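Participant: sequence unavailable; structure follows:
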């Protein structure tokens, strides 16, 4: 049922496991019948060829949103902080084991993490000293697949599927003022942020204390005996954005300093794959992949004003 829901071919029906086990099982049964063996006994021996499969799926989605609405005015006699943090963790582990002639073993571990931090400032923020608007997203995840098979012609696969990734998507978006058209009534316009020092920072990768996010994928596959074929794949995919957008009609005033920053920093990514074979005439294959594509941008649209 889980395979159907995620639109994935069930592991026990993948061509490698099904074909190897079915052909060997049928071949053994036919061969024994040709030699005069009892039909029931031949079927029993052929059926000893084993298929084992395990799957672990998990998805974590976290959204943190803060909005300062139109015509709102927030003032502080000293410091004013809007500090928004989104942290998430996804964990998956899959282990499969089988023994027997032509055994086919498959373990799949798939984790998906979605984090979003949104800060929308459509009103005024006024501080006597420090004014800070800070957004963070810290992704964390662990995925492990372990497959172990034994028997002549056995096949073991750890995370050998197109969707077998640990995937993290983390976005931090800070918008000051509204980007819509001017309606003539001051709608989301004429926004002011003022302090001795003004900091607006969007960061993906760490939390507010600079603790680093960690994404880790491991895959282990082992097969024993003649003609064994173990494969292991460990894969992490990362997508993310950090954006600061200052729209038309916004005034930023820092009497001493103004700092605008968008950062993708501090995220640790680790992959490890191991395929081993205790065999003669077998083959092994292992790969560890990291696919990371992140962007960071700071934009001040026309007629926005920054003073320091």
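Facilitator: The structure has been received and is ready for your questions. Just so it is clear, the model here is predicted, and its values are computed rather than measured.
Participant: how far off centre is the helix or strand encompassing residue 203?
Facilitator: Under the criterion of DSSP states H and E, residue 203 resides in strand 191-204. Mean C-alpha position of strand 191-204 versus that of the full chain (CA atoms, centre = their mean, to the nearest Å) differs by 30 Å.
Participant: sheet-wise, list the partners of that strand with their directions.
Facilitator: strand 124-127 (parallel), strand 130-150 (parallel), strand 250-264 (parallel) (DSSP bridges).
Participant: so what's the residue count around the residue lying closest to residue 279 once chain neighbours are set aside?
Facilitator: Closest residue in space to residue 279, ignoring its immediate chain neighbours: residue 228 at 4.1 Å, by CB to CB, 6 or more residues apart in numbering. C-beta: built from backbone N, CA, C; applies to glycine. Per other CB atoms under 10 Å, the neighbour tally for residue 228 reads 26.
Participant: give me phi/psi at residue 228?
Facilitator: The phi and psi values for residue 228, taken as degrees, to the nearest 10, are phi -70, psi 150.
Participant: any idea how far it lies from residue 156?
Facilitator: 8 Å (CB to CB, to the nearest Å).
Participant: just residue 202 next, same as before
Facilitator: According to CB to CB, residue 202 stands 44 Å off from residue 156.
Participant: these two: who's more crowded?
Facilitator: Using other CB under 10 Å as the criterion, residue 202 and residue 156 rank with residue 156 on top: 34 against 29.
Participant: and the helix or strand harbouring residue 87, which residues are buried?
Facilitator: Under the criterion of DSSP H and E, residue 87 resides in strand 80-99. Using 16 or more other CB atoms under 10 Å as the test for burial, strand 80-99 gives 80, 82, 84-99.
Participant: okay, now residue 158: neighbour count?
Facilitator: Neighbours of residue 158 (other CB under 10 Å): 32.
Participant: for residue 61, same thing?
Facilitator: Residue 61, neighbours per other CB under 10 Å, totals 12.
Participant: mind starting the numbering at 16 from now?
Facilitator: In the new numbering, first residue 16, that becomes residue 76.
Participant: can you tell me which residues contact it?
Facilitator: 103, 128, 129, 130 (CB atoms under 8 Å, 6 or more residues apart in numbering).
Participant: you'd agree it is in a strand?
Facilitator: Yes: counting by DSSP: H, G, I helix; E, B strand; the rest coil, residue 76 is part of a strand.
Participant: let me know the pLDDT of it.
Facilitator: Reading off the confidence values, residue 76 has pLDDT 97.
Participant: could you check how far the closest residue to residue 282 other than its chain neighbours is from residue 146?
Facilitator: Among residues not flanking residue 282 along the chain, residue 220 sits closest, at 3.8 Å (CB to CB, 6+ apart). The gap separating residue 220 from residue 146 is 24 Å, by CB to CB.
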